[in-house]
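Engineer: Pasting the sequence and the predicted coordinates here, then a few questions.
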Amino acid sequence: MDTSTSIAAPRIEGQPRCILPAGASLGEGLMWSVREQALYWLDILEKRMFRFDPADGAQAEWRFDEEISALAERASAPGLAVALRRGFALFDPAAPQAGVQWLQQPEADQPANRFNDGKCDADGRFWAGTMDFDCIAPTGALYRLDADGRCSRHDSGFAVTNGPTWSLDGRTLYFNDTVNGTIHAYDFDPAQGTVAHRRPWLRFARSDGLPDGMTTDAAGRIWVAHWAGSCVTCHHPHGGEELARIALPVSQVTNCAFGGPGLRTLYITSARVGLDEARLAHEPLAGGLFAVEVDGPGVAPFKFAG
């Protein structure tokens, strides 16, 4: 790829602020709803989904019977497509009494696995990865859920999966092999919804922690949350050069997504799971939801076509 393309470093406007000291065990799953002008996010291990309205600070919460790890708005129907521990389902926050409507459970034969991070591509297909619950065995895979409910596997061999996100032209999919500290890039066929030619795109030093959730902004830059790295970094989409770094007062930074009226607020989740009392005393905001303003907008999340 040509790495000479001029993409400026973003300007970070001020310091990140903790807007919700939520104490989440494993905050994740950020999604900005353009139609509601509200932020949805998750605490995977506590099996909870939250909605936060930044205009008035209003909050809502839903509880599930199993871990919930990713979500996407539906394009032509109310409610959400969600990834739960066992697979893909539909859920309408406005009608919680209807419960979860299961679509696919592709790993019924692997009870030690669970789904983790995911989001939709530009054509409304929902991509999500699975992982070993103990973060050790390379039993995780990358799945695609289509609008008609069909589910297909596209890669495998991961202990912990995170991402994905896409290049601005939709022809590269970035996907995190978290345990190995590597972001992979695939050639992505938007028409077929397939991936090919996996290669390491960016490897992080241990001192930088491990790549977790990530997102793409309107300039094509890739933003990455660092588990055990206390930061979010911004990278050039071609060569991967670091363009900016946002330091946070928590070590386990889990996800990032743009939101707000102009999509210029970067929201960031964190976790407190596994931290002992001494570490929690040093990180009282661990598990909090953070926000920081950026000079350029992000990209609105794509909706599930089903």
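Structural biologist: Cool, got the structure. As the structure is a prediction and not an experimental result, all values here were calculated from the model.
Engineer: So what does the spatially most central residue of the chain look like in phi/psi?
Structural biologist: For the chain, the residue whose C-alpha lies nearest the mean C-alpha position (Cα atoms, centre = their mean) is Gly213; its distance is 4.1 Å. Torsion angles at Gly213 (phi, psi; degrees, to the nearest 10) stand at phi -70, psi 160.
Engineer: for it, what are its contacts?
Structural biologist: Shown in contact with Gly213 (Cβ atoms under 8 Å, 6 or more residues apart in numbering): 28, 30, 117, 162-163, 224-225, 254-257, 269. Every C-beta, even on glycine, is put in place using the N, C-alpha and C of the backbone.
Engineer: For it, which non-adjacent residue is closest in space?
Structural biologist: Nearest residue to Gly213 in three dimensions, chain neighbours excluded: Asn255, at 3.0 Å (Cβ to Cβ, 6 or more residues apart in numbering).
Engineer: what about Ile68, neighbour count?
Structural biologist: Using other Cβ atoms under 10 Å, Ile68 has 27 neighbouring residues.
Engineer: Pairing partners for it in the sheet, please.
Structural biologist: Per DSSP bridges, the residues bridged to Ile68 are Leu84.
Engineer: ok so, going back, could you say which helix or strand holds the residue nearest to Gly213?
Structural biologist: Asn255 belongs to strand 253-259 when assigned by DSSP states H and E.
Engineer: And Leu266, by the same measure?
Structural biologist: strand 265-270.
Engineer: For the next helix or strand after that strand, which helices and strands make contact with it?
Structural biologist: Moving toward the C-terminus from strand 265-270, the next helix or strand (DSSP H and E) is helix 277-282. Packed against helix 277-282 by the contact rule (3 or more Cβ pairs under 8 Å, 6 or more residues apart in numbering; DSSP states H and E) you find no helix or strand.
Engineer: tell me the angle the next helix or strand after helix 277-282 makes with strand 265-270.
Structural biologist: For helix 277-282, the following helix or strand on the C-terminal side (DSSP H and E) is strand 289-294. Counting by axes from the mean of the first three to the mean of the last three Cα atoms, to 10 degrees, strand 289-294 lies at 150 degrees to strand 265-270.
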